[in-house]
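>>> show me how the following folds:
(chains A and B)
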Protein chains: 2
Amino acid sequence: MAELLSTVEFQMSLLLFVSLAGYLIASRINQSAVIGEILVGLAIGPSILGLITYTDFVKSVAHLGAVILLFVVGLEFKLKDIFNLKYGIIAAVGVIVPWIGGYFTAKLFGYDFTTAVFVGTALTATSIAITANVLKELGKLQTEAAKAIIGAAVIDDVLSLLALSVAQQLAAGSISAAATGIVVLKSLAFLIAGAILGQLVLNRLVVRMDRSAIARKYPEFVFIFAMSMAFLYAMGAELIGLSAIVGAFIAGVALEGVVPQHSKPFKEGAEYLHIIFAATFFVSLGILADFRAVTPAVILFLAVLTVVAVLTKLIGCYLPARMQKMSHDDSLVVGFGMSPRGEVAMIVALLALNSGLIMQDIYVTIVMMSVLTTLLTPIVLRNWLYSRVHV
Amino acid sequence: MAELLSTVEFQMSLLLFVSLAGYLIASRINQSAVIGEILVGLAIGPSILGLITYTDFVKSVAHLGAVILLFVVGLEFKLKDIFNLKYGIIAAVGVIVPWIGGYFTAKLFGYDFTTAVFVGTALTATSIAITANVLKELGKLQTEAAKAIIGAAVIDDVLSLLALSVAQQLAAGSISAAATGIVVLKSLAFLIAGAILGQLVLNRLVVRMDRSAIARKYPEFVFIFAMSMAFLYAMGAELIGLSAIVGAFIAGVALEGVVPQHSKPFKEGAEYLHIIFAATFFVSLGILADFRAVTPAVILFLAVLTVVAVLTKLIGCYLPARMQKMSHDDSLVVGFGMSPRGEVAMIVALLALNSGLIMQDIYVTIVMMSVLTTLLTPIVLRNWLYSRVHV
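Modelled structure (predicted):
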């Protein structure tokens, strides 16, 4: 019996099964499936039921999930969307203020330098899936505020990945300003070179590959190629000291907009992979969180950090929006709309935990902060802001 | 650097990359992609280049691949196709004769009982993908012989899975006729109950699920459910002592013919998963084969076994075809057309090796026998049989 519990079949069917339960819970509480999946992950993990632990298999699947997830995000990402100054300013201030807020909050609670850097980094991310969904349900997707949220969140993704790269270098001991500058430059160079060369070279290569005899003979060839690029870029990013997910994201950006004519559509294929591996990924995030690490002090830290997370994003996005002559109410919508942290914050926490840079208590705190900010946003937007403002 | 080589990114990108090379080789030698993938797997594995070994990660991916592969095979499998007496007889004799041939050949070469049982079982399988492709290229897919090959090969799949279940029980020590009988009954009961109940219950459940509010809200829900069933059935099969892939196959059969109206089509999704995981699966089969286990005696055994494999399938299918009043030439086409062993034989070898029931030399022999019979069939059909017969 114990042997059966360690089989690939058992672990995979359990992960998928409980992710379905996650959907049901999410649907019941009217939330994103991600929230439901993390909650069921918590339930089946060592914290509560103990049905499964974070085995090597779960870890591998989670790793595949993170790479595929960022690749699919990249595939949706239009390069020209980053070159919008207005949204760029909202995103930049909305990244810097939360970083500082997170860093000093962690310091205040007595955590060490590395931990504080990762807490700050986790606070930079914005997950707009939730907000976009709420705005869509309210029929507000075409408003000025909605466009600002989505535009800024896209840029925010890139800035968060940059912050992650810097955090990993800082944790590795390069704390001089010059070394940090080099990391920023290296990351930017990789991001820009990877994306632009990708768009110019890789993109055209795929188009030519798609027209070749081999793709006509084997329509799955281009799809396998695209996925191998996702993992190759991920490896390349690790090789130069960045995070693997940065590479996967860039691979996606490089292939954005390519629509094969003769081969199977790789974007569709990647999205199917994403469905399965994102589901298992979010469940595994819950499994990894061990609530036995939670003490009253950790709960206090979580409460304070969540408030800081919301306030810093609110202020960091409200002010630049307001300065760019958006209305008070619109700016509030932007600020709250950017608050959900979501998957990127959790991936930051996962990477840091797996590398031994943060401890369980901080991992749980970041995951729960991410869940709480995500739960809060729809409530604020739906019941408070949009019940009084007319955007 | 050594650390990088063990990352998920490196291993996954390597597996996918070389599978692309496998496609190129396969295209060059005008063969199925499977053959190319196994050959490149051999090249990068410990036998030759040593770029990668059969790590836990590769093993997990191969395991996922085997389950997904049989699930997709099952999705194509129509239950009513097994109830054709004519093709059933061809399939049955075409399974029994090779089993006996394989068993006694192994015995003759001094291998033990368990090994002989698995060699016999590996010889029962038929992979018609290759044959069907050749027949399609020759424009012979609508002939009587082609229909007999495809009909019998479908039944053959079920019989091979049955033989595998029996082999695993025999290896576990139940060698009495009564115990073997129980295994056959249990397997048949699982196959029939799983498939029929699946068609009646699971099938309808998916249809209802597809119409539910949850599927409308989350169009990926049904796909995740279908994949969780594949792994759950796989686990169920293991639980009652059958092979996991038998379960995955039955899950596929249970869901055959269901076309969701409101959700994402899970069959398409499963096929995309299949593309990636079958590619990595076949590469991993090559990686696992260690040619350092090959001695002159093993080469002799391989040569004899390959001849036995072709002859027993030829005789075992020719005779019942001929007895059912098919022409001599048609019966020859059926016999040769059923010869390629392909993936099922390799999965049998993989399972037996992983359970420590056979040694590396037998694993390599079965994989290479499978490759050789697969290489041979198109040559015989194209250059010899169809250049003289007019089916």
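>>> all contacts plus neighbour counts: C-alpha atoms, from now on.
Fine.
>>> residue numbers of chain A in contact with chain B?
Within chain A, the residues that sit near chain B (C-alpha under 8 Å from any C-alpha of the partner chain) are A:4, A:8-10, A:12-14, A:16-17, A:20, A:23-24, A:27, A:57, A:60, A:63-64, A:214, A:218, A:220-221, A:224-225, A:227-232, A:234-235, A:238-239, A:244, A:269, A:272-273, A:275-276.
>>> give me the three-state assignment for A:Ile287.
helix (DSSP: H, G, I helix; E, B strand; the rest coil).
>>> how near is the spatially closest residue to it that is not a sequence neighbour to chain B?
Excluding the flanking residues, the one nearest A:Ile287 by C-alpha to C-alpha, 6 or more residues apart in numbering or on different chains is A:Gly45, at 4.2 Å. Using C-alpha to the nearest C-alpha, to the nearest Å, we find A:Gly45 at a distance of 18 Å from chain B.
>>> over to A:Gly45: give its phi and psi.
phi -70, psi -170 (degrees, to the nearest 10).
>>> for the one 4 residues further on, same thing?
Dihedral angles of A:Leu49 (phi, psi; degrees, to the nearest 10) stand at phi -80, psi -30.
>>> quick check: it touching A:Ile287?
No. Applying C-alpha atoms under 8 Å as the test, A:Leu49 and A:Ile287 come out as separate, 10.2 Å apart.
>>> which one's more surrounded, these two?
Neighbour tally, A:Leu49 and A:Ile287, criterion other C-alpha atoms under 10 Å in any protein chain shown: the higher count belongs to A:Ile287, 28 against 11.
>>> contacting residues for the residue nearest to A:Ile287?
Contacts for A:Gly45 were tallied using C-alpha atoms under 8 Å, 6 or more residues apart in numbering or on different chains; they are A:Leu51, A:Ile52, A:Thr53, A:Tyr54, A:Gly286, A:Ile287, A:Leu288, A:Ala289, A:Asp290.
>>> just the buried ones from the residues you listed, in PyMOL syntax?
What follows is the PyMOL syntax for the buried subset of the contacts of A:Gly45, where burial is set by 16 or more other C-alpha atoms under 10 Å in any protein chain shown:
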select buried, chain A and resi 52+53+54+286+287+288+289+290
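>>> of the contacts of A:Gly45, which is the nearest to A:Phe71?
Among the contacts of A:Gly45, A:Gly286 lies closest to A:Phe71 (C-alpha to C-alpha), at 22.0 Å.
>>> out of the residues of chain A next to chain B, which are buried?
Looking at these with 16+ other C-alpha under 10 Å, the buried ones turn out to be A:8-10, A:12-14, A:16-17, A:20, A:23-24, A:27, A:57, A:60, A:63-64, A:214, A:218, A:220-221, A:224-225, A:227-232, A:234-235, A:238, A:244, A:269, A:272-273, A:275-276.
>>> could you list the buried residues of stretch A:355-363?
In stretch A:355-363, counting by 16+ other C-alpha under 10 Å, buried: A:Leu357, A:Ile358, A:Gln360, A:Asp361, A:Ile362, A:Tyr363.
>>> and the contacts of the helix or strand encompassing A:Ala193?
Secondary structure from DSSP states H and E places A:Ala193 in helix A:177-197. For helix A:177-197, contacts defined as C-alpha under 8 Å, 6+ apart pick out A:79, A:162, A:165-166, A:169-170, A:174, A:237, A:242, A:246, A:250-251, A:253-254.
>>> please apply the same query to stretch A:135-146.
With contacts defined as C-alpha under 8 Å, 6+ apart, stretch A:135-146 is touched by A:Ala132, A:Lys147, A:Asp330, A:Ser331, A:Val333, A:Val334, A:Arg382, A:Val391.
>>> what's the mean pLDDT across it?
Per-residue pLDDT values across stretch A:135-146 average out to 79.
>>> can you give me the buried ones in it?
So for stretch A:135-146, counting by 16+ other C-alpha under 10 Å, buried means A:Leu135, A:Lys140, A:Leu141, A:Ala145, A:Ala146.
>>> wait, which of those is closest to chain B?
Distance to chain B across the buried residues of stretch A:135-146 (C-alpha to the nearest C-alpha) is lowest for A:Leu135, with 15.7 Å.
>>> and the next helix or strand past the helix or strand encompassing the closest one?
Using DSSP H and E, A:Leu135 falls within helix A:128-137. Using DSSP H and E, the helix or strand that follows helix A:128-137 in sequence is helix A:144-171.
>>> in that next one, what's buried?
Residues of helix A:144-171 classed as buried by neighbour count (16+ other C-alpha under 10 Å): A:145-171.
>>> next up, the contacts around A:Phe281.
A:Val61, A:Ala62, A:His63, A:Gly65, A:Ala66.
>>> for the fourth one, give its distance to chain B.
Per C-alpha to the nearest C-alpha, A:Gly65 is found 11 Å from chain B.
>>> one more: A:Arg341?
Relative to chain B, A:Arg341 is positioned 21 Å away (C-alpha to the nearest C-alpha).
>>> how about A:Ala125?
Counting by C-alpha to the nearest C-alpha, the gap from A:Ala125 to chain B is 23 Å.
>>> need phi/psi at that residue.
According to degrees, to the nearest 10, A:Ala125 has phi -70, psi 150.
>>> residues in contact with it?
A:Val95, A:Asp156, A:Asp157, A:Ser160, A:Arg341, A:Gly342, A:Val344, A:Ala345.
>>> give the helix, strand or coil label for A:Cys317.
Judged by three-state DSSP, the three-state class of A:Cys317 is helix.
>>> distance between the helix holding A:Leu135 and the chain's centre?
In terms of C-alpha atoms, centre = their mean, to the nearest Å, the centre of helix A:128-137 is set 16 Å apart from its chain centre.
>>> same check on stretch A:170-180?
24 Å.
>>> start to end distance for it?
For stretch A:170-180, the separation between the terminal residues is 7 Å (C-alpha to C-alpha, to the nearest Å).
>>> pLDDT of it, averaged?
Mean predicted confidence for stretch A:170-180 is 72.
>>> pull out the buried residues from the helix holding A:Ala193.
Those would be A:Thr180, A:Val183, A:Val184, A:Lys186, A:Ser187, A:Phe190, A:Leu191, A:Gly194, A:Ala195, A:Ile196, for helix A:177-197 by 16+ other C-alpha under 10 Å.
>>> cool, stretch A:93-106 as well?
Buried, per 16+ other C-alpha under 10 Å, within stretch A:93-106: A:93-106.
>>> what's the mean pLDDT across that stretch?
The model assigns stretch A:93-106 a mean pLDDT of 95.
>>> then stretch A:316-324?
Stretch A:316-324 comes out at a mean pLDDT of 93.
>>> can you list the buried residues in it?
A:Gly316, A:Cys317, A:Tyr318, A:Leu319, A:Pro320, A:Ala321, A:Arg322.
>>> how about the contacts made by A:Lys313?
If you count contacts by C-alpha under 8 Å, 6+ apart, then A:Lys313 has A:Gly94, A:Val95, A:Val97, A:Pro98, A:Gly335, A:Phe336, A:Met338, A:Ser339 around it.
>>> a markdown table for these, including secondary structure?
Formatted as a markdown table, these follow (three-state DSSP):
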| residue | secondary structure |
| --- | --- |
| A:Gly94 | helix |
| A:Val95 | helix |
| A:Val97 | helix |
| A:Pro98 | helix |
| A:Gly335 | helix |
| A:Phe336 | helix |
| A:Met338 | coil |
| A:Ser339 | coil |
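>>> for the stretch 1-150 of chain A, which spans come out with low pLDDT?
A:1-5, A:128-130 (pLDDT under 70).
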